[in-house]
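Visitor: predicted model follows, preceded by the sequence.
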Amino acid sequence: MTTPQGYHALSVDHSRAAEVLHVDAFAFAFTVPEKDAGFIHDILPWDRTRAIEVVDPLRGRVGTLAAVHASFAFKTRVPGGREVATAGLSWVGVHPGHRRRGLLRAMIHDHFSRSLARGEVISTLFAAETQIYQRFGYGLAATEARVQLGRGVDIRPLEGSDALSVEIDSASLERHGDEIRSIQSRMARPGTVTTLAPQTLADILMDLEIDREGGEELRIAVVRDGADPVAWALFQRKGDWGDSGPDGKVRVRAWGALDAASTVRLWGVLVDFDLMATTYAGKFALDDPLLLRLKDIRSAKVAVADNLWVRILDVAEALQARGYAAECDVTIHLEDAFLPLNAGVWRIHVASGEARVTRDDGADPASADLRIDIQELGAAYLGGTTITELLRAGLVDERTPGTAAELSRAMASDIKPVANFGF
Ligand SMILES: CC(=O)SCCNC(=O)CCNC(=O)[C@H](O)C(C)(C)COP(=O)(O)OP(=O)(O)OC[C@H]1O[C@@H](n2cnc3c(N)ncnc32)[C@H](O)[C@@H]1OP(=O)(O)O
């Protein structure tokens, strides 16, 4: 697809950082004080940042940027423990003066073709609004729990967690970047970003005054087993006083833990700061050890929200890269309106946990065992949403009885997916 008339797509580097920030500031409705504006240099992957420029005076001032997007290169943990090359789409913004003219649609085409050319088999994102990306084939692959925890909430104790040490510090890329990297690379949960580009780390650790909402600077808690880092959390506290005394709030911005013991140790600290009444946090998988160990789940005020959206770009490579929990041999009639090269009949044959995924161009789509859209295949990719759930929701058609259950058992994961920080 070409860029709409009057516009031109191009790569942008550091030299146009201020213009990129200008577009995103208008799109997302924020203002960064001049003194802080330099952050954009550190957090965007400038070899993967694209924009759309005005080339026709009828559209605006020629040479100005109308739209931008970037993608982070990283690996995502998938069921079975392997990792797949991913393009994490981010910073998508269209200036309000240019919206609803097809610029996003053009940028998504651009993003998909460049990602595929780099060998990135899936694209993932956190959606600003859930309606935006489904039309492009992104499926909701992971949900998260967001919780409010009262001071000193009861967590069932776990032997060994007390032996772990906790350091609390001001967050710093130099001091903590490698520890966060090390923990992420060992996390087993599907959806985890396991390799972090320098810009992704800088983004996680970004501490702009406008994000503090009157609270303290960004702090970090690192849990260690001896010298080995096993959990991390970035948080900000804000002191406050209510009628009955201290009413401070802790906002946990991002966190990750390797296992139940490190989770218990980390949260024991995050819910028990002096003068803080409530801790707010998200990015909990629905089977997170903390939620399972809370003595009173009702006290946690749990809300469920969308977490990671997955778009399968290269069907064969993406499906072959992940592991499977059961054998299966099914054919699917895959629909993909946005990347028609993926559409057609595919055979998914799993033996000994390995899939062979092949196209059958000669097959009649009506003869395939199942009919499924790329959005739903993306939703099932990390093993959180199952094929039988999608079938019951009327989002998959089963033509050969029993094949939905067969594919479902193979693709399901016994660890629920979640991405533990936004990007
Ligand atoms: C991964 C991330 O970065 S999430 C951040 C996304 N960015 C934002 O939310 C910032 C504020 N919003 C914007 O910058 C823009 O409005 C965008 C990027 C959401 C959309 O850009 P546009 O250029 O207006 O979209 P475009 O004209 O290509 O629309 C494509 C289709 O999506 C639809 N669409 C676009 N935005 C929305 C929306 N927010 N809600 C519902 N539908 C939408 C359009 O109606 C159009 O539908 P159609 O295919 O049926 O014709």
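Guide: That came through fine.
Visitor: where do the helices sit along the stretch 101-250 of the chain?
Guide: 103-117, 173-186, 198-204, 209-212 (DSSP state H, counting those that start in this stretch).
Visitor: pLDDT on the longest one, on average?
Guide: It refers to helix 103-117. Regarding helix 103-117, the rounded mean pLDDT is 98.
Visitor: burial of residue 204, as a residue count?
Guide: 24 (other C-beta atoms under 10 Å). All C-beta atoms are positioned from the backbone trio N, CA, C, and that covers glycine.
Visitor: just the local confidence number for it, please.
Guide: 94.
Visitor: does it touch residue 233 like I think?
Guide: No - if you go by C-beta atoms under 8 Å, residue 204 and residue 233 don't touch, sitting 11.3 Å apart.
Visitor: about what we covered before: relative to residue 14, which of the helices of the stretch 101-250 of the chain is closest?
Guide: Nearest of the helices of the stretch 101-250 of the chain to residue 14, taken as C-beta to C-beta: helix 198-204 at 11.9 Å.
Visitor: quick check, that closest one touching the ligand?
Guide: No - Helix 198-204 does not reach the ligand (C-beta under 6 Å from any ligand atom); its nearest approach is 12.1 Å.
Visitor: which strands and helices sit next to that helix?
Guide: helix 39-43, strand 65-77, helix 173-186 (3 or more C-beta pairs under 8 Å, 6 or more residues apart in numbering; DSSP states H and E).
Visitor: for the ones you listed, which one ends up most surrounded?
Guide: strand 65-77 (a mean of 24; mean count of other C-beta atoms under 10 Å).
Visitor: how far does it sit from its chain's centre?
Guide: 12 Å (C-alpha atoms, centre = their mean, to the nearest Å).
Visitor: just checking, what packs against that strand?
Guide: Against strand 65-77 (3+ C-beta pairs under 8 Å, 6+ apart) you get helix 17-28, strand 49-54, strand 83-94, helix 103-117, strand 122-125, helix 198-204.
Visitor: quick check: angle from that strand to strand 83-94?
Guide: With axes from the mean of the first three to the mean of the last three C-alpha atoms, to 10 degrees as the basis, strand 65-77 and strand 83-94 are set at 160 degrees to each other.
Visitor: what is the burial count for residue 23?
Guide: 24.
Visitor: what distance do you get for the residue of the stretch 151-300 of the chain found nearest the ligand to residue 193?
Guide: Nearest residue of the stretch 151-300 of the chain to the ligand: residue 203, at 12.1 Å (C-beta to the nearest ligand atom). Noted for residue 203: a distance of 11 Å to residue 193, by C-beta to C-beta, to the nearest Å.
Visitor: try residue 176
Guide: 16 Å.
Visitor: re the thing from before, look at residue 203 and residue 193 and report which has more neighbours.
Guide: A direct count of neighbours by other C-beta under 10 Å for residue 203 and residue 193 places residue 193 higher, at 26 against 21.
Visitor: so what's the more buried one bridging to?
Guide: On the basis of DSSP bridges, residue 193 is bridged to residue 76.
Visitor: wait, doesn't it sit right on residue 419?
Guide: Yes - between residue 193 and residue 419 there is a contact at 6.3 Å, judged by C-beta under 8 Å.
Visitor: joint contacts of the two?
Guide: residue 76 (C-beta atoms under 8 Å, 6 or more residues apart in numbering).
Visitor: any idea how far the helix or strand bottoming out on mean pLDDT in the chain is from the chain center?
Guide: Least confident helix or strand of the chain, by mean pLDDT, DSSP states H and E, is helix 209-212 with a mean of 90. How far helix 209-212 lies from its chain's middle: 22 Å, per C-alpha atoms, centre = their mean.
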